[in-house]
Structures are given as C-alpha cells and as structure tokens.
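Student: Model the following, please.
(one chain, ligands or ions: 1)
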Amino acid sequence: MTSRRRFLTGAGVALTGAAGVALTGNAFAGPPVPDPVPDMSGMTHGGGVNGPMFAHGATVDHEANGFNPTDTLRDFDMGQTSTMPDGRTLREWSITAVDKEIEVAPGVVFPAWTLNGRIPGPTLRCTEGDRLRVRFTNASEHPHTLHFHGIHPADMDGVPMVGRGVISPGEEFVYEFDAEPFGLHLFHCHVGPLAEHIARGMYGTFIVDPAQGRPPADEMVMVMHGYNTTFDAEGNQLYAVNGIPFHYMNEPVRVRRGELVRVYLVNILEYDPINSFHLHGNFFQYYPTGTSLTPTELTDVIVQAQGQRGICEVTFPTEGMFMFHAHKSEFADLGWMGFFEVTP
Ligand SMILES: [Cu+2]
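Tutor: Model (predicted):
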C-alpha cells in the first residue's frame with residue numbers, strides 16, 4: 001500500500017508541476033515535497049487511492065472564483081417570465097461577458113473570458129414555444145457574440161457579418177427567438193479565433209423542455225471542457241466538468257438510491273476532437289440531443305464530439321460511491337473524474 005500511495009503522490013506532484021509550468025516555467029524547483037498523505041484509507045471526501053491528484057484534496061478558492069460547481073450543477077436559470085398578448089410565455093435573461101481570473105487548480109490561475117462570471121456560463125431553461133429574449137452585454141475587453149444552437153432566424157444567429165454581428169466591448173444586443181426544438185442545446189461565443197473564445201470559458205447550457213415535460217427526476221447539468229493553460233492550441237493541460245478539475249472527487253454528487261437522476265451532458269471541449277462519459281457500477285438510458293422522449297441506448301459509456309450533447313437517465317439501485325469520468329484515461333487523470341455518492 002505504501003508504494004501505491006507514493007506512486008499516486010508522485011502523479012499528483014507531476015500534475016501540479018505540469019499545470020504550473022505554463023505559468024512559472026519552473027515546475028520542479030523549490031523544496032522537496034514532504035512525505036505525504038496523512039490518511040488515504042477509505043472513500044472519504046478528498047481521499048481514496050483514486051482521490052484528487054491536487055495536493056491530496058487541496059482545492060481552489062470557490063468564493064474568489066465566484067462560483068462552486070456543487071451549486072452550479074443544479075442551477076437552472078428560468079429567466080424572468082411574463083405573458084405576451086397572444087398568451088405565450090415571454091422569458092428574458094441578461095448575460096454579461098466579463099474577463100476574469102479563475103483559479104482552475106490549486107495555485108493555477110487562468111485568465112478566463114466568462115459569461116456572468118462563471119464557467120460554464122448559466123444554464124438557461126425554457127419550454128418549447130416560449131418567446132426568448134436574451135440581453136447580451138459585452139463588458140469584456142474583446143469582441144464577442146452569443147450563438148445559440150436551436151432553430152432561429154439568421155439575424156439572431158450570433159455570428160460575425162450576419163445580422164448585428166460582433167458585439168464590441170461596451171456594447172449590447174438583444175437576441176430574440178422562439179424556443180425550438182425541445183432538447184438539450186448549448187450556446188457559446190462565435191468570434192474568432194473561435195476555439196480560444198470558447199475554450200476561455202464563453203459557453204453555457206440551453207435546455208428547451210418539451211411541452212409535456214419529462215418524468216420527475218433529480219436533474220443536473222454537466223458540461224465537459226478543458227483548459228489550454230499554455231495557449232498554444234495544442235490540446236489541454238486540464239480537463240473538467242463544470243469548471244473545476246476533480247471537483248466532484250472532493251465534493252461527490254449526492255443522489256438518492258431509487259430516485260431517477262437526469263444528467264444534461266454537454267461537450268464543449270476544444271482542441272481535442274471527442275470526449276466521453278463513463279459511469280461505474282450502473283447503466284443509463286441515453287437520449288442524444290434530448291430531442292426524443294425515447295432513449296436510443298442503455299449503456300455505461302457514451303462519446304460526444306465537440307458540440308454534441310445528450311441526456312443520461314439512471315436510477316441507482318444500491319448505495320455507495322460510484323465513479324464517473326471520461327473513458328479517455330488522460331482526460332480522467334488530468335481532472336475529468338468525479339463520484340456519485342448514493343445515499344438512502
Ligand atoms: Cu468571444
């Protein structure tokens with residue numbers, strides 16, 4: 001056991017060093033790492049032999065970041081609603097682009113471009129047929145847009161040279177369109193260099209509920225993404241769901257045995273062509289893009305290319321800790337893994 005602990009500790013040091021090298025160029029200088037790990041027995045939060053690689057459970061300053069992935073996981077923004085003369089629901093949101101430094105791993109600060117100050121940006125949620133109005137304010141130093149997936153007029157597409165096009169720093173624009181089709185979508189900035197604008201953090205989830213709804217469930221959003229901390233557009237140094245690598249290892253996602261769990265899973269990863277989601281000890285029903293109420297597959301692994309998304313539904317029959325992670329070991333080792341903690 002000792003040797004295994006030492007090996008894992010070494011992995012942690014190497015990872016921290018690799019992340020730090022981009023910022024300091026000095027990965028292995030400094031004092032020797034103290035002989036480690038108070039107690040990694042059991043599956044305590046922040047421990048376990050597959051526990052977080054960041055300095056044995058050290059995590060980031062969520063308060064300074066302004067968001068905590070435990071909270072954003074189930075944070076659905078329904079907007080401000082009112083009724084239009086024709087009886088339809090009008091749903092309005094305000095989204096602001098802000099340049100902001102985010103601590104993405106302990107001691108690793110990333111100069112992000114955020115939507116509403118968080119990564120990922122907000123999860124907008126509506127019902128098919130609603131009229132949607134999104135006021136976009138660009139408080140960043142860079143030009144941006146909001147491009148929504150879904151069906152809408154060309155001049156609401158949020159790309160350069162079409163409609164209003166680029167929204168310059170200090171300007172704002174209101175995107176307005178109807179909510180269709182029902183399903184799980186996303187939105188992101190569409191200004192070039194596109195990969196960088198997205199990978200810096202300018203994306204969010206866009207859920208259009210079917211008019212008849214879906215069965216009651218414990219619902220949550222997981223957005224798969226990465227951080228290219230070297231800004232060389234050559235892969236990523238860190239991978240995560242919902243902003244912070246290894247977060248759900250430190251703070252497992254608590255769910256109830258026997259209750260339907262619905263994960264809205266989005267892949268917005270840049271610089272790597274595909275991402276994946278694997279769940280241990282259980283199988284889930286998969287609904288690609290969420291545009292049908294009939295699942296296409298009962299599985300424990302799905303893959304998504306960039307921009308793909310789908311709904312995973314699982315009911316855990318037994319209590320315990322069940323890992324989930326990218327079934328691409330490199331992504332998992334560099335942050336894309338977590339736990340469901342199934343309680344009675
Ligand atoms: Cu942008």
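Student: contacts, neighbours, all on C-alpha from now
Tutor: Noted.
Student: Let me know the helix or strand that residue 113 is in.
Tutor: Here residue 113 sits within strand 108-115, counting by DSSP states H and E.
Student: Any buried residues in that strand, and which?
Tutor: The neighbour-count criterion (16 or more other CA atoms under 10 Å) identifies 108, 109, 110, 112, 113, 114, 115 as the buried residues of strand 108-115.
Student: just the residues you listed now: which is nearest the ion?
Tutor: Nearest to the ion, judged by CA to the ion, of those is residue 113 at 7.4 Å.
Student: quick one, helices of the protein?
Tutor: 2-24, 62-65, 69-72, 194-199, 247-250, 329-333 (DSSP state H).
Student: How many residues are close by residue 238?
Tutor: 25 (other CA atoms under 10 Å).
Student: Show the contacting residues for the residue of the stretch 1-150 of the chain found nearest the ion.
Tutor: Of the residues in the stretch 1-150 of the chain, the one nearest the ion is residue 144, at a distance of 3.8 Å by CA to the ion. Going by CA atoms under 8 Å, 6 or more residues apart in numbering, residue 144 touches 97, 138, 166, 167, 168, 169, 189, 190, 191.
Student: The third one reaches residue 143, doesn't it?
Tutor: Yes. Look at residue 166 against residue 143 with CA atoms under 8 Å: they come within range, at 6.3 Å.
Student: any common contacting residues for these two?
Tutor: By CA under 8 Å, 6+ apart, the residues touching both residue 166 and residue 143 are residue 191.
Student: follow-up on the earlier one: give me the subset of the contacts of residue 144 that lies in strands.
Tutor: 97, 138 (DSSP state E).
Student: which intervals of the chain have sub-threshold pLDDT?
Tutor: Scanning the chain for pLDDT under 70 picks out 1-57.
Student: of the contacts of residue 144, buried ones?
Tutor: 97, 138, 166, 167, 168, 189, 190, 191.
Student: Reformat these as CSV; add distance to the ion.
Tutor: CSV is the format used below for those (distance: CA to the ion, whole Å):
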residue, distance to the ion
97, 8
138, 9
166, 9
167, 9
168, 10
189, 5
190, 6
191, 5
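Student: I'd like those residues as JSON lines, with distance to residue 297 appended.
Tutor: Below are the buried ones among the contacts of residue 144 laid out as JSON lines (distance: CA to CA, whole Å):
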{"residue": "97", "distance to residue 297": "37"}
{"residue": "138", "distance to residue 297": "41"}
{"residue": "166", "distance to residue 297": "40"}
{"residue": "167", "distance to residue 297": "41"}
{"residue": "168", "distance to residue 297": "44"}
{"residue": "189", "distance to residue 297": "31"}
{"residue": "190", "distance to residue 297": "32"}
{"residue": "191", "distance to residue 297": "35"}
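Student: Pull the contacting residues for the residue of the stretch 201-344 of the chain found nearest the ion.
Tutor: In the stretch 201-344 of the chain, the residue that lies nearest the ion is residue 202 (6.3 Å; CA to the ion). Residue 202 is in contact with 97, 113, 114, 115, 119, 120, 121, 188, 189, counting by CA under 8 Å, 6+ apart.
Student: and the stretch 51-200 of the chain, which of its residues are near the ion?
Tutor: 144, 189, 197 (CA under 5 Å from the ion).
Student: again, only using 6 Å
Tutor: Contact residues, the stretch 51-200 of the chain versus the ion (CA under 6 Å from the ion): 144, 189, 191, 197.
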